[in-house]
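# return atomic coordinates for the entry below.
(chains A and B)
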Amino acid sequence: MRWIVASAWPYINAVPHLGTLIQVLSSDVYARYRRKKGDSVIFVSGSDEHGTPIEIEAIKRGVSPRELTDRMHSYVSDLFRRFGISYDNYTRTESQTHIRFVQDFYLKVYENGHIFEKETEQLYCPNDKMFLPDRFVVGTCPYCGYERAHGDQCDRCGRLLNPTDLINPRCAICGAEPVLKRTKHWFFDLPKFSEDLRRYIEENEQLPDNARSMSLSMIEDGLKPRSITRDNRWGIPAPFPGAEGKTIYVWMEAVLGYVSAVKEYFERMGRPEEFERFWRDPETKSIYFIGKDNIPFHTLIFPALLMSSEEGYVLPYNVASTEFLLYEGEKFSKRERRGIWLDEALALLPADYWRFYMVYIRPETKDANFSWDDMAAKVNDELNDTLGNLVHRVLSFIKSRYGGRVPSGKLDEESRQMLEEARKIASGIEEDLERVRLKDALKGLLEMARLGNRFFNSREPWRDIKENRARANSTVLASYNLLRAMACYMHIFMPFSAEKLWRMMGLPGEPSPLPEAFDLITGTELGDVEPLFHKVDKEELKKRLREIRERGEVLSARE
RNA sequence: AGCGGGGUGGGGCAGCCUGGUAGCCCGCCGGGCUCAUAACCCGGAGGUCGGUGGUUCAAAUCCACCCCCCGCUACCA
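Numbering: from 1, shown residues only, chains lettered A, B, ... in the order given. Alright, predicted model coming up:
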C-alpha cells in the first residue's frame, strides 16, 4: 500500500513552539508506523515562508525576506531532525519546484474556467506602500472604544469588525493613516464544487467526526469564492494574464506543497515517474496532520483545488486534526514568553522525553494542557519507573546472573501465555494507530511494560535461579523477548531510546518491522547496560529554562 | 451571535456513536517482594458522571432546555 503522510507546514516567522510539534510529531509517529508495517511511505512537509508577517519581520530585522527565511528554514529543519522527525522531504515554499508547480497548477485551474477576477476596495498604507491585511490595521473599536482593536476583531470586546469600521484607523506597521484603494483580485470558484465536496465527505467515512460535521455544515451554509491573490511583494507571482505584481495567497499555495514536495523528492531521487505513481494512483492513501483550525482548508479547499485541476490527483484519505495545546492553562504567547519553544525544549531534555509527553497528552478530543507538574509526573512515574525500570531490571538481571548471555531453551506454559498477552496488547496498539489514536497506542506500550513487571514479580526468578534453573531461564527468556517486541513498538514513538535499547540488548541494526516483533530470539550476548531514562526535576528544568532565556542560549530566546 | 469541541472520584484522562447500575494512570492508605533507577507487585478507601426536565423496564450514554470553559467564523498564517 502506498501512503502520503504530511503535516501542516509551519509558518517560520519565528521558531515554532511545542504546539506546532504536536502535528509534526503525530505525522512522524504515523509515518514510522506505516513503514514498520511494510507500507511504501513518502512523508513530507516544509517551511511556509511567504506572506505579510514574514515580510514585516524581515523589515524589523533589517534583512531581506529571503535572508530571513533562509536562516529560519535551515534552523527549523535542523530542529526537526534533532527531534527525530523522519521526513523524506522537508522542503520550503521558496523551492523552485514548488514555485513552478504552483504557477502551472493555477494556470491549469484558470484555463479550466474555475478562476475569475473581481475588483475590491482595500486599505492601503501610503507610507509602507502596501495593502494591509485586516489584521494589520489598528484603531479604536466603534463598540467599546478600545484603542488597540484590530481590523478583523476587537481583542477587548470580541466583536468582529471590518477594517473600515475602525475609528481613527492606523497602519499596524508604521502608524500612518491608511487610505482606501481599489485593487483587483483573482478568486477560486469554490461554490461550484459544493456537490462534489459533499459527496466526497460523505463517502469517506474514515474522516474524523469533527472534520466531517464542520465541513458539511459549512457546505450547508453555502461556500464562498476564495481569493487566491494578494498584493504582497513576498510570494509566488500569480501567473494569470493581467495579474502582474500580484502574488498567490500563502494558504492557497502552501497546501499545494503536499503535492510539490513529493514531486521534488522523486525528481531528486532521479525517479520522477514515481511522483505520478503516488499522486495519481487512486489507490494511494494520503493523511494530513493538522490543528482543527485548518480543517476547512484540508477537507474543502484543498480537495476542491485538486478536483479543479482535472489532473487526477488523489483526494485526501484522512485529515487527522487535533485540538489545541495550552501552556499552564493559557494560550502560548510569544509576546509574553509564555510557552516553550522547540530549541529551548531540546536544550532542556532529550527529544524522546518530549516525544513521549507530547504524544501522551495529544489533544485528541479536547484542548490539552502542558504543565510542568504533569510533565514531570508522567515522565517519572510512567516513562521512567514503569518502562525504564522494567528494561533495567531485566537486562541487569541477565548481566549479573547470566553473565550477560540470554539463555536458550524452552518457554514454559506461563511464559508463553505472557507473550501471548503481550501480542494482544500489541495488536491493540496497531488498531489504535490505524485509527490515529496515538495517545492510546502509546499507553499500550506502557501496558506491555506493566505486564512485564507483573510477570517478573510473580515469577521471582531471583529465587528460581538457585532452586529451579529451568524456570528462571524461561522467565528471563520471555522477559527478554518482551523487551524486544517493546523496542519495535517503541521505535515508532521514541526512536532514539528504542535504538539504544536495541543496542543494549545486543541486537544488530534497527528494531525489527512489526510483523517480526515477536519472533523468538535466544542466546544473545548483551551490550553495555545502563538506565534507559532518568527522572526529571521540574524545579531544575524551570530554573534551567530561565537561564537559557537570560543568557540567550538559543535563537528563540533572542528573538 | 453563529458553528464546533469540552464539563466523569484529589489531579490527568477513557467510556457516550452501537443505552443495562463507571474504567485507566497518577496520588492517598494498608500489605508483599528485594532482580531493578527508594524502583516493582497485590489489596483498599474515594465518583451517581455540569444543572433541570423528558424518553425507556433501564441513561454518564438518547432527546429538550439551561449554566460554565475553550476554539473557529473563511484578507493572521
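# read off the pLDDT value for A:Leu160.
Looking at A:Leu160, its pLDDT reads 69.
# ok, A:Thr522 touching A:Leu411?
No - contact status for A:Thr522 versus A:Leu411: not in contact, 9.6 Å apart, counting by Cβ atoms under 8 Å. Any C-beta I mention is one placed from the backbone N, CA and C, and that applies to glycine too.
# neighbour count: these two, which is higher?
Comparing A:Thr522 with A:Leu411 by other Cβ atoms under 10 Å, the one with more neighbours is A:Leu411, at 18 against 15.
# chain center to whichever strand or helix holds A:Tyr33: distance?
A:Tyr33 is part of helix A:18-37 when elements are defined by DSSP states H and E. Between the centre of helix A:18-37 and the centre of its chain there are 6 Å (Cα atoms, centre = their mean, to the nearest Å).
# same question, stretch A:122-136
With Cα atoms, centre = their mean, you get 33 Å for stretch A:122-136.
# just confirm yes or no for it near RNA strand B.
Yes - using Cβ under 7 Å from any atom of the strand, stretch A:122-136 reaches RNA strand B at A:Gln122, A:Phe131, A:Pro133, A:Asp134, A:Arg135, A:Phe136.
# contacts only, for the fourth one.
A:Asp134 makes contact with A:His150, A:Gly151, A:Asp152, A:Asn162, A:Pro163 under the criterion Cβ atoms under 8 Å, 6 or more residues apart in numbering.
# what residue spans form the domains of chain A?
What automatic domain parsing lists as the domains of chain A is A:2-103+A:250-345, A:111-248, A:379-516.
# mean pLDDT lowest where, among the ones you listed?
domain A:111-248 (a mean of 85).
# which residues does the residue of the stretch 1-150 of chain A found nearest RNA strand B bridge with?
For the stretch 1-150 of chain A and RNA strand B, the shortest gap (Cβ to the nearest atom of the strand) falls at A:Tyr11, measuring 2.9 Å. Beta-bridge pairing for A:Tyr11 (DSSP bridges): A:Asp48.
# got the residues of the stretch 451-559 of chain A near RNA strand B?
Checking the stretch 451-559 of chain A against RNA strand B by Cβ under 7 Å from any atom of the strand, the hits are A:453-454, A:456-458, A:460, A:462-463, A:531-535.
# who in the stretch 201-350 of chain A is up against RNA strand B?
A:209-210, A:213-214, A:217-218, A:221-224, A:226-227, A:230, A:249-251, A:254, A:292-294, A:296, A:323-324, A:331.
# could you pick out the buried ones from these?
Buried members of these, counted by 16 or more other Cβ atoms under 10 Å: A:214, A:218, A:223, A:226, A:230, A:249-251, A:254, A:292, A:294, A:296, A:323-324.
# those residues: which two are farthest apart?
A:Arg230 and A:Glu323 (29.4 Å; Cβ to Cβ).
# the residues of stretch A:122-136 next to RNA strand B in strands, which ones?
Applying DSSP state E to the residues of stretch A:122-136 next to RNA strand B, the entries found in strands are A:Gln122, A:Phe131.
# put together a markdown table for the residues of stretch A:122-136 next to RNA strand B, with distance to A:Ser371 on each row.
A markdown table is the format used below for these (distance: Cβ to Cβ, whole Å):
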| residue | distance to A:Ser371 |
| --- | --- |
| A:Gln122 | 43 |
| A:Phe131 | 42 |
| A:Pro133 | 34 |
| A:Asp134 | 34 |
| A:Arg135 | 30 |
| A:Phe136 | 34 |
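# quick check: ChimeraX command selecting the buried ones in the residues of stretch A:122-136 next to RNA strand B.
The buried residues among the residues of stretch A:122-136 next to RNA strand B can be selected in ChimeraX (16+ other Cβ under 10 Å) with this line:
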select /A:122,131,133,134,136
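# closest to A:Leu507 out of the residues of stretch A:122-136 next to RNA strand B?
A:Arg135 (53.7 Å).
# what's the helix or strand for A:Trp3?
A:Trp3 belongs to strand A:2-7, assigned by DSSP H and E.
# check which helices and strands that strand sits against.
helix A:18-37, strand A:40-47, helix A:257-268, helix A:273-279, strand A:285-291 (3 or more Cβ pairs under 8 Å, 6 or more residues apart in numbering; DSSP states H and E).
# what pairs with it, parallel or antiparallel?
Next to strand A:2-7 in the sheet, as set by DSSP bridges, lie strand A:40-47 (parallel), strand A:285-291 (parallel).
# output the last one as CSV, restricted to C-alpha atoms.
Extracted in CSV, the C-alpha atoms of strand A:285-291 (Å, rounded to 0.1, in the frame of the first residue of the first chain):
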residue,chain,number,x,y,z
LYS,A,285,-3.8,7.0,0.6
SER,A,286,-2.9,10.3,2.0
ILE,A,287,-3.2,11.6,5.5
TYR,A,288,-2.7,15.1,6.8
PHE,A,289,-2.0,16.0,10.4
ILE,A,290,-3.3,19.5,11.3
GLY,A,291,-4.8,21.6,14.0
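# which SSE is immediately downstream of it?
Following strand A:285-291 toward the C-terminus (DSSP H and E): helix A:295-296.
# what are the phi and psi values for the residue with the largest distance to the centre of chain A?
Using Cα atoms, centre = their mean, the residue of chain A lying farthest from its centre is A:Glu467. It sits 52.7 Å away. Dihedral angles of A:Glu467 (phi, psi; degrees, to the nearest 10) stand at phi -110, psi -30.
# and A:Tyr327, by the same measure?
Per-residue torsions, A:Tyr327: phi -120, psi 110 (degrees, to the nearest 10).
# do the same with the one 10 residues further on
Backbone torsions of A:Arg337, given as degrees, to the nearest 10, read phi 50, psi 40.
# around RNA strand B, pick out the residues from the stretch 1-150 of chain A.
When proximity is defined as Cβ under 7 Å from any atom of the strand, the stretch 1-150 of chain A approaches RNA strand B at A:11, A:48, A:50-53, A:120, A:122, A:131, A:133-136.
# just the closest of those to A:Arg280, please.
Nearest to A:Arg280, judged by Cβ to Cβ, of those is A:Asp48 at 25.0 Å.
# returning to what we had before: which neighbours do A:Thr522 and A:Leu411 share?
With Cβ under 8 Å, 6+ apart as the test, A:Thr522 and A:Leu411 both reach A:Leu477.
# who does whichever strand or helix holds A:Val319 pair up with?
In the assignment (DSSP H and E), A:Val319 maps to strand A:318-322. In the sheet, strand A:318-322 lines up against strand A:285-291 (parallel) (DSSP bridges).
# how about residues contacting the partner strand?
Residues contacting strand A:285-291 (Cβ under 8 Å, 6+ apart): A:1-8, A:19, A:22-24, A:26-27, A:30, A:258, A:297-298, A:314-324, A:436.
# between that strand and helix A:18-37, how many degrees?
For strand A:285-291 against helix A:18-37, the angle by axes from the mean of the first three to the mean of the last three Cα atoms, to 10 degrees is 160 degrees.
# okay, the angle between strand A:285-291 and helix A:257-268?
130 degrees.
# for strand A:285-291, the distance to its chain's centre please.
9 Å.
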